[in-house]
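[1] my questions are about this predicted structure, shown below with the sequence.
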Amino acid sequence: MKRNEWKKNDMYKKKKMKYGSLVFGKENFVMVKYYQETNEIWEDYAHKNTLAILAKNMSNAMVFDSDEVPNDIVQIYTEVSVSSKSGWVETFCMVPPYEENCKKNRISVISTLGASLIGLSEGDTLQYGLPGNIMSLKIKKALQSKKAIELEIPKESLDKIISNCEENKLTLNK
């Protein structure tokens, strides 16, 4: 499959989304946007494509106050269990990029897998992998952490993200 065909095929397209779009708490939404904007590393073309799809899906996301986000949503610091039809099951924690540690099952929110899962909910499915090795994953469990997201980003970046969100008709209170 050629690179330009990947977008047409959209192998990362969500097959089923319980809430119809991605769901975020305000702090999670802002932090994921910030991590996307400051990320300078692409693992490969599939990773770049996944981040582009995430950005597109975030433009239609539902954004809530953090205490109003449903408990079954994959957010930063959520422990996530996914499974495939073949019986493969994996559990890991979604973390900010600077806390990623694959040996400790801590997956970055902007890694290929993390960006494919963030904002989805328990029961949602997605296609994940490279052409010829795509598997269907289902989110079996999303266990929220008590650890709170703190907005530790420069004010000018925060203002830019919020103004871009307002242009997309998302409601984020400053």
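    Perfect, thanks for sending it.

[2] quick one: the strands in the chain, in order.
    14-16, 23-25, 62-64, 79-84, 89-95, 106-108, 125-128, 135-143 (DSSP state E).

[3] now the ones you listed in a markdown table, with mean neighbour count?
    C-beta: built from backbone N, CA, C; applies to glycine. Output for the strands of the chain, formatted as a markdown table (neighbours: other C-beta atoms under 10 Å):
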| stretch | mean neighbour count |
| --- | --- |
| strand 14-16 | 13 |
| strand 23-25 | 24 |
| strand 62-64 | 18 |
| strand 79-84 | 18 |
| strand 89-95 | 18 |
| strand 106-108 | 20 |
| strand 125-128 | 19 |
| strand 135-143 | 17 |
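
[4] how close does the spatially most central residue of the chain sit to residue 34?
    Closest to where the C-alpha atoms of the chain average out (C-alpha atoms, centre = their mean) is residue 118, at 2.4 Å. Per C-beta to C-beta, to the nearest Å, residue 118 is found 13 Å from residue 34.

[5] returning to that earlier point: for the residue nearest to the centre of the chain, give me its contacts.
    Contacts for residue 118 (C-beta atoms under 8 Å, 6 or more residues apart in numbering) come out as 22, 24, 28, 32, 54, 74-76, 94, 109.

[6] narrow the residues you listed to those in helices?
    Residues of the contacts of residue 118 located in helices (DSSP state H): 28, 32, 54.

[7] compare those residues and tell me which is most surrounded.
    Highest neighbour count within those, by other C-beta atoms under 10 Å: residue 32, with 28 neighbours.
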